[in-house]
Structures are given as structure tokens and as C-alpha cells.
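S.K.: Below are the sequence and a predicted model; questions follow.
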There are 2 protein chains.
Amino acid sequence: MKFGVVIFPSKKLQDVVNSYRKRYDPHYALIPPHLTLKSAFEATDESAKNFADKLRKIAEKTSPFSLKTAKISSFKPVNNVIYFKVEPTDELFTLHSEINRELNDENTEYAFVPHITIGQKLSNDEHSDVYGSLRMTKIDHEETIDRFHLLYQLDNGSWTVYETFRLGKE
Amino acid sequence: MKFGVVIFPSKKLQDVVNSYRKRYDPHYALIPPHLTLKSAFEATDESAKNFADKLRKIAEKTSPFSLKTAKISSFKPVNNVIYFKVEPTDELFTLHSEINRELNDENTEYAFVPHITIGQKLSNDEHSDVYGSLRMTKIDHEETIDRFHLLYQLDNGSWTVYETFRLGKE
């Protein structure tokens, strides 16, 4: 089955993000607003415990860190994804690279651009309209991240949490 | 905000349950298939850490246990909910009562009937049709439960996992 590793930001930020996703993100009903640390990858069902053991060790040696977002950006022309840009901190990069090194790392050729998606699978026209109206939006949000989650995907495309990993804890 | 405590069964069982929920449960997109240990209750945002501490202690002293489901049942005439009946074991009852005693226990006047909902908010006619066609369905499923989850509800009605508690672990 498919696994992924994500951070769910605070309820406050999730509610703001969902106010956009509701209109612009066809994955709105499949998973709560999130920052992806490891995108979907295939592994056997039995891998879950093994992955969780590895992620638990990474979480233990990682301290809670700050997440800041200040603007809306887009991956166009790579793809028509609009997102809250998350400030690229050392803590996030370290966490991302450790997780991808410890789990299977076949889909890590691309650069890590920390983000929280608010719109995707938009046509070029939709993208222009939406991004045009949102690109100057000022956001001023900062919060502390103290956990991340291992998820698996159900047959209908939605995601269930397998386990939570608290930073700096065992 | 609203909190709840649930067990997510295995992906296998969740996929089966979703094949029904897709047609019969308007909450299909809001939360994965689950067995409710503590139904939605209101508490301050800051309560999450306190609840998690209490649930972690309960999980530590609870061993993994077996979950069996063999038939489809209904809460009618109380309400038009159709569900996979889960065998009422001592382990489930103990876990349920400890969780409800430790967290706020205002909504525990009703008897605990362990179940996994497959349909709800059906009209009387829909309920008759659906339950009539499903009531004789034989299910033969058993699995081991080794974790449960604390969730909170977003403004759009969907649920995000705050933390996972593994049984018998710290």
C-alpha cells in the first residue's frame, strides 16, 4: 500500500488553508491540510511497523521547531499547484532529509520546497485567475511544530494516520 | 474545539467499510472508518496536551487485543445508523470506560455498543431498503488492535489526528 509522512499544522492554519482548498483542491476531502515530508510511496503493508520504528528514532533526536508562512506561491510552470510557502529552515530540511534517507528514497530527486498546498490540478486559466488574485496576499503566521505523522492510503484515495511521532520524546 | 477518541481498524477492514459508506454515510469524506471510543466533545484548544497525557497513561497499561466483527446491525429505532457490530469484549469495555472517566464524561449516559458505522442519516425508507439487503450479510473478520487516536475537528467538519497511542508502549 501507499505511505506518506506529513506535518499537520495547527487547527487555526488548517482552517485557513481549507477555506482555499474547498474551492481549489480536488484532494480537499482526502486528507487534512498538511506539509509533506515524504510524498506517497509504495511499500508492503508489513512495512508500517518498520517505518514507524525508524521515524520514532528520528523524532526522538529532533527538537520542536518553528514553522513560518508569509506568502502564497505557485509551482508553475512545473505544475499548477498554489501553496502557502513555508520558510525553509534548517530544522525542516534536516527532518526531511533524515526521513527520506531512512525510508525508501526513490522519489527524492526533486528539491524540497516546504509548502502547504491550497490549490492543485487547476487548468492554466484557473491557475492564472486564482494565483493572480492570491499572489499578493500577505500572511503572517508562525507556530511551533512538535510532531509529525506516518499515513497510509485507502483504496478510495483518502489517507489514515498510522502513527504520530512527537519531536524530542520517547 | 471538538475532540474525539477512535480506533482505526486495519486498511483491509476500512476499505470494506468504505465500500458501504461511500453510498450510505454522509460523513464518508470527513473521517476514515473508525470505532468510536469517545464521541465528539467540546474542550479548549489547550486541553489537547492534557488529554494526550492521560490517554498515553491508559494506553501504557492496556495490552493489544482482538477485534472481531461477524454481522451488520442497526440502531433503529433509536436512530437510522447501520453498522458492523463489533464483539463486545472486556478489553474494549475497559478501554472505553477508562477513557471516558479520564476525559470529560458528560456524554456517557448511553450504553457502549462497539460498532463501526457503515451508514447514517438515512430516511426511514432508505434504512429499510439498505438494512433489509445487508442484515443477513455474513462477515468473518478478526484483527489485532494495538493503537488508538485522539482527534480534533476542523471548522469544515473533518477530523485531524492529534496523536496516536500505542497499547502497552511508552
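M.R.: Done, it's in.
S.K.: Just the element for the residue lying farthest from the centre of chain A, please.
M.R.: Here the centre of chain A is the reference, and by C-alpha atoms, centre = their mean the most remote residue is A:Asp125, at 25.5 Å. Following DSSP states H and E, one finds A:Asp125 within helix A:124-134.
S.K.: Now do that helix, average pLDDT.
M.R.: On average, the pLDDT along helix A:124-134 is 96.
S.K.: who's in contact with it?
M.R.: A:Tyr20, A:Tyr24, A:Ile72, A:Ser74, A:Lys76, A:Asn80, A:Ile82, A:Ile118, A:Gly119, A:Leu122 (C-beta atoms under 8 Å, 6 or more residues apart in numbering or on different chains). Every C-beta, even on glycine, is put in place using the N, C-alpha and C of the backbone.
S.K.: Repeat the analysis, applying 7 Å as the threshold.
M.R.: A:Tyr24, A:Ile72, A:Ser74, A:Lys76, A:Asn80, A:Ile82, A:Gly119, A:Leu122 (C-beta atoms under 7 Å, 6 or more residues apart in numbering or on different chains).
S.K.: taking those one by one, which sit in strands?
M.R.: A:Ile72, A:Ser74, A:Ile82, A:Gly119 (DSSP state E).
S.K.: need the residues of chain A near chain B, please.
M.R.: A:1, A:8, A:11, A:14-15, A:18, A:22, A:29, A:32, A:45, A:149, A:152, A:154-156, A:158, A:160-161, A:163-164 (C-beta under 7 Å from any C-beta of the partner chain).
S.K.: For ChimeraX, write the selection for the buried entries among those.
M.R.: Burial among these is assessed by 16 or more other C-beta atoms under 10 Å in any protein chain shown; the matching ChimeraX selection reads:
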select /A:1,8,11,14,18,29,32,149,152,154,156,158,160,161,163,164
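S.K.: Mind checking which of the residues of chain A next to chain B are in strands?
M.R.: A:His149, A:Tyr152, A:Thr160, A:Val161, A:Glu163, A:Thr164.
S.K.: Return the closest of the ones in strands among the contacts of helix A:124-134 with respect to chain B.
M.R.: Comparing these against chain B with C-beta to the nearest C-beta picks out A:Gly119 as the nearest, at 15.8 Å.
S.K.: these two touch, right, that closest one and A:Tyr28?
M.R.: No - using C-beta atoms under 7 Å, A:Gly119 is not in contact with A:Tyr28; the gap is 9.8 Å.
S.K.: quick one, phi/psi of A:Pro88?
M.R.: Phi and psi for A:Pro88, reported as degrees, to the nearest 10, are phi -80, psi 90.
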